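S.K.: Predicted model, plus sequence, below.
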Amino acid sequence: MQEISDIKVTEAIISTYNKKLLEHLQNDVVIAGGGPSGLLAAGTLASKGYKVALFERTLSVGGGMWGGGIGYNIIVFQEEGKRLLDEIGVNYEKYEDGYYTADSIETVAALLVRAKKSGAMIFNLTEVEDVMVSDGRITGVVVNRSPITIAGLHVDPVSVAAKYVVEATGHPLEVLKKVVAKTGIELATPSGAIEGEKSMNAQLGEGALIDNTVEIAPGLYVAGMAANAAFGSFRMGPIFGGMLLSGEKVADEIDRKLSGN
Ligand code: 48H
């Protein structure tokens with residue numbers, strides 16, 4: 001057995017983490033929230049060569065996907081979502097025409113491996129608590145260690161720049177709420193403010209999600225459940241095709257902007 005130095009282990013963690021943090025103080029894209037839409041977007045953008053940092057408040061990414069429906073770890077995909085399951089390499093079963101079931105744990109794992117192997121940098125235990133703004137445009141995010149924010153300690157955050165930020169924090173749309181409360185920027189919604197999520201209707205909710213996945217404020221895109229909550233659309237329960245398609249759309253839109261095509 002080799003000789004092991006406790007201090008070397010400490011030094012290896014601190015210097016390696018600091019290196020990746022320093023490398024991601026300036027990004028092409030920052031994604032707030034590591035649910036299915038954020039993870040899909042991170043992997044797609046990173047695979048196109050963009051510098052992507054994803055900040056997730058909790059210890060694990062995956063958001064609302066792990067628990068399937070009522071804690072049964074099965075999720076449902078419709079016909080349109082099946083293509084993305086094939087792309088990310090998830091096994092699924094046909095339940096009936098137009099309804100496919102997948103293991104939620106396998107799906108989170110596949111999204112995570114794809115994002116990481118594509119080069120996206122994931123910072124867990126890190127909360128996006130505010131945005132950076134310049135001349136009416138979102139230019140980055142303000143982050144803090146979530147053990148600090150969860151403990152309610154008065155400790156100042158730090159800033160991370162991005163050409164585009166993606167609001168993918170799900171139902172609570174935390175980033176967008178900060179934008180509305182603090183910047184005075186008018187959103188690209190009918191009222192210019194947050195419209196608020198509607199009750200359950202999977203047909204209408206899934207149908208609206210892709211249209212709602214847009215640049216909602218200059219420099220800020222909205223994806224996933226946050227997009228429906230922002231635009232006053234319905235929730236859809238544990239059907240996840242729309243979340244992945246929304247992640248794909250936001251990545252495609254940002255790619256178009258950044259590549260000038
Ligand atoms: C850093 C944060 C912050 C913050 C939150 O909720 P998610 O799974 O998000 P989506 O939109 O990709 O997927 C939604 C889906 O899971 C869902 O809830 C569905 C389909 N609901 C339908 C229904 O009817 O209920 O993930 C968001 C992630 C989570 O991991 C949060 O911990 C994280 O974002 N997060 N991370 N900074 N301020 N706020």
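M.R.: Received the coordinates, thanks.
S.K.: Show me which residues of the protein sit near the ligand.
M.R.: Selection of the chain residues close to the ligand by Cβ under 6 Å from any ligand atom yields 32-38, 55-58, 63-65, 127-128, 168-171, 174, 224-226, 235-237, 243. Glycine gets a C-beta too; all of them are placed from N, C-alpha and C.
S.K.: hey, where'd the helices end up in the stretch 51-200 of the chain?
M.R.: Using DSSP state H, counting those that start in this stretch, the helices of the stretch 51-200 of the chain run over 79-88, 104-118, 146-150, 174-183.
S.K.: How far away from the center of its chain is the third one?
M.R.: Spelled out, that is helix 146-150. Here helix 146-150 is found 19 Å from its chain centre; the criterion is Cα atoms, centre = their mean, to the nearest Å.
S.K.: on contacts alone, who are the packing partners of it?
M.R.: Applying 3 or more Cβ pairs under 8 Å, 6 or more residues apart in numbering; DSSP states H and E, we find helix 146-150 packed against strand 126-134.
S.K.: circling back to that earlier point, can you turn the buried part of the residues of the chain next to the ligand into a PyMOL selection?
M.R.: Applied in PyMOL, the following selects the buried portion of these according to 16 or more other Cβ atoms under 10 Å:
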select buried, resi 32+33+34+35+36+37+38+55+56+57+63+64+65+127+128+168+169+170+174+224+225+226+235+236+243
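S.K.: Counting neighbours, what do you get for residue 10?
M.R.: 10 (other Cβ atoms under 10 Å).
S.K.: just residue 215 next, same as before
M.R.: Applying other Cβ under 10 Å, we find 17 residues neighbouring residue 215.
S.K.: That one and residue 75, how far apart?
M.R.: Distance, residue 215 to residue 75, by Cβ to Cβ, to the nearest Å: 28 Å.
S.K.: for residue 82, same thing?
M.R.: Between residue 82 and residue 75 the computed distance is 12 Å (Cβ to Cβ).
S.K.: Check the contact lists of those two and give me the overlap.
M.R.: Taking Cβ atoms under 8 Å, 6 or more residues apart in numbering as the contact rule, residue 82 and residue 75 touch no residue in common.
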